[in-house]
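J.: how would this look folded up:
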Amino acid sequence: MKTNRGFTLIELMIVVAIIGILAAIAIPNFIKFQARSKQSEAKVNLKSMYTSEKSFYQEKDRYSSLVGEVGFAPERGNRYAYYMGTAGTNSNRTTAAGAVVSTDQGIQVDTFKYTTAAAAPAIDVFTVGGGAVTGVGVINTCPSCDWGGYAIGDIDTDGTLDEWSIATVSRATASPASSGEPYNELNDVNN
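T.: Below you'll find the model as predicted:
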């Protein structure tokens, strides 16, 4: 006669405890890596914004703070708000249509997809040109002008905003930020 033997209660409790310990270690790291991957959206879109501005400058000998004029249009589903200037409106992404208006100087967070996200967070300013000028948008008078763009968003829904900048000149930052390279002004992931 053959007897089937199963696991004892103690053996099952040990397995459950091991799984709980592994989950307690893995889940916070997974959340951090997931938030870091979301930061790539800001990097890619800021580089696109910079390329649009540089192309516009080559054609017109000036920079512009207007999203429609430059041709910057990130895909829908953006977690970050993007700013090419500080004055003016931001494109509305609260509905499925989400049209860009000619005076728009920014793109709002897609609150149609991310219903709990803040629509248009406040813009901080960053230092441009070795500490001489601060701001977002066109700086100084063209053709000897510079430009700076900004991205800001709450990617892990903790209330702290993740902030990125890009500019046509190198910037004075904690670690030098080269022209055309996205710089993380405030890292929400490491908080």
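J.: contacts and neighbour counts: CA atoms only from here.
T.: Noted.
J.: just the helices in the protein please.
T.: For the chain, applying DSSP state H gives helices covering 9-60, 67-70.
J.: neighbouring contacts of the lengthiest strand in the chain?
T.: When the chain is parsed with DSSP state E, its longest strand is strand 146-153. Strand 146-153 is contacted from outside by 42, 46, 49-50, 63, 79-85, 109, 121, 123, 128, 135-140, 161-169, using C-alpha atoms under 8 Å, 6 or more residues apart in numbering.
J.: narrow these to those in strands?
T.: Judged by DSSP E, the contacts of strand 146-153 include 81-83, 128, 137-139, 162-167 as members of strands.
J.: how near is the residue positioned nearest the centre of the chain to residue 155?
T.: By C-alpha atoms, centre = their mean, the chain has its centre lying nearest to residue 42, at 3.3 Å. Note on residue 42: its distance to residue 155, by C-alpha to C-alpha, to the nearest Å, is 10 Å.
J.: anything in contact with each of these two?
T.: In contact with both residue 42 and residue 155: residue 80, using C-alpha under 8 Å, 6+ apart.
J.: that older thread, each with direction, which strands does the longest strand of the chain pair with?
T.: strand 81-83 (antiparallel), strand 137-139 (antiparallel), strand 162-167 (antiparallel) (DSSP bridges).
J.: dump the ones you listed into JSON lines; add mean neighbour count and mean pLDDT as well.
T.: Converted to JSON lines, the strands paired with strand 146-153 look like this (neighbours: other C-alpha atoms under 10 Å; pLDDT from 0 to 100):
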{"stretch": "strand 81-83", "mean neighbour count": "29", "mean pLDDT": "90"}
{"stretch": "strand 137-139", "mean neighbour count": "20", "mean pLDDT": "85"}
{"stretch": "strand 162-167", "mean neighbour count": "26", "mean pLDDT": "88"}
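J.: right, I'll leave it there.
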